[in-house]
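S.K.: need the 3D shape of this:
(one chain, ligands or ions: 1)
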Amino acid sequence: MSTKEKLDTKRIPQHVAVIMDGNGRWAALRGKDRLEGHSQGAKAARTVVEAAAEIGVKYITLYAFSMENWNRPKDEVAGLMALLMRSIASQFEDLIKNNIRLRIIGDTSMLPDEVFSHVNDAVLKSQKNTGLTVVIALSYGSRSEILNATKQLLRKYEEQPFDIDSITEEDFSNYLYTKDIPDPELLVRTSGELRISNFLLWQISYSELYFTDVLWPDFGKEDFFEAVYQYQQRERRFGKTSQQIASLK
Ligand code: FPP
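M.R.: Presented below is the predicted three-dimensional model:
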């Protein structure tokens, strides 16, 4: 039986978040330029989007460029921006054909104008699609997202004071870039690194974490299905006991 066939179709995660790591090491192992690794990484991203759509995942968030990535060598940053624009341009038709909605989370004000308008155009043209939502985290940092949400709330208070104790977690979530996107049930990180790297810190409070040694450019559909399969073997307790969870079944 294939891994895909082993999946419980009633327990497919709605939202999977992915830290696509290891492009540089993949390239170094082959004596290639880092950008070649990123280029293969973009192909892997497409494959994984297809895999997610195949099993009925509703949202997939891909960590394509972190706030900290702006500190990489200029050539690599420029290469990544160009790759992103190329990937969107070459896959736009398929995106629309497959009813995929594109969304961006992150501080887009830091993007070069050309990149922003390119990406934003694809977001706007796909916004009415109702299939899988592909969320690209671009110029994204979680602490900055949380700080930004706090500042917006403070500004709102300055304009019109309200009862501070009435603010709920749900209210706060509405100020995050991920407004209206359910929290990921599963977070995948490739390449053997065991850290979160400032990604969706608020949103992954109860996510199951899955780490694999596979380098991102080598990560294929089978790897994705395996991650979902492993997720389905976990017991999600949300702070309750196993007995309480069993009695709910
Ligand atoms: C981490 O590998 C990867 C990135 C910083 C960029 C990810 C970008 C892509 C996969 C391509 C564009 C994506 C889309 C959605 C079109 P690394 O460079 O940190 O690898 P290393 O740790 O081995 O050096």
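
S.K.: in this structure, which residue sits closest to the ligand?
M.R.: G24 (2.3 Å; CB to the nearest ligand atom). For every residue, glycine as well, the C-beta is placed using N, CA and C.

S.K.: so which elements touch the helix or strand harbouring that residue?
M.R.: Taking DSSP states H and E as the definition, one finds G24 inside helix 23-29. Where contact means 3 or more CB pairs under 8 Å, 6 or more residues apart in numbering; DSSP states H and E, helix 23-29 is packed against helix 34-55.

S.K.: residues near E185, how many?
M.R.: 21 (other CB atoms under 10 Å).

S.K.: correct me, but it touches S207?
M.R.: Yes: counting by CB atoms under 8 Å, E185 touches S207, with 6.1 Å between them.

S.K.: what are the buried residues along the helix holding G24?
M.R.: N23, G24, R25, W26, A27 (16 or more other CB atoms under 10 Å).

S.K.: which residues of this protein fall in helices?
M.R.: 3-6, 23-29, 34-55, 74-97, 113-126, 142-159, 169-173, 221-233, 242-248 (DSSP state H).

S.K.: mind listing residues that contact the last one?
M.R.: What it means is helix 242-248. E235, R236, R237 (CB atoms under 8 Å, 6 or more residues apart in numbering).

S.K.: buried residues, it. List them.
M.R.: Buried-residue list, helix 242-248, by 16+ other CB under 10 Å: empty.

S.K.: ok now do I60, which residues does it touch?
M.R.: H15, V16, A17, V18, V48, V49, A52, L132, T133, V134, V135.

S.K.: quickly name whichever of those is closest to D218.
M.R.: V48 (11.7 Å; CB to CB).

S.K.: show me the contacts for the closest one.
M.R.: V18, I60, L62, F219, G220, K221, F224.

S.K.: name the member of these with the most neighbours.
M.R.: Neighbour max across those (other CB under 10 Å) = V18, 28 neighbours.

S.K.: what residues does this protein have near the ligand?
M.R.: 20-25, 38, 41-42, 45, 62, 64, 69, 83-84, 87, 136, 191 (CB under 6 Å from any ligand atom).

S.K.: what number of residues lie near T241?
M.R.: 9.

S.K.: ok, now S117?
M.R.: 11.

S.K.: okay, it: pLDDT?
M.R.: At S117, the pLDDT value in this model is 96.

S.K.: re earlier: got the contact list for the residue of the chain closest to the ligand?
M.R.: Taking CB under 8 Å, 6+ apart as the test, what G24 contacts is R34, G37.

S.K.: how close does it get to A78?
M.R.: Per CB to CB, to the nearest Å, G24 is found 16 Å from A78.

S.K.: got it, and L7?
M.R.: 40 Å.

S.K.: more neighbours, these two?
M.R.: L7 (18 against 13).
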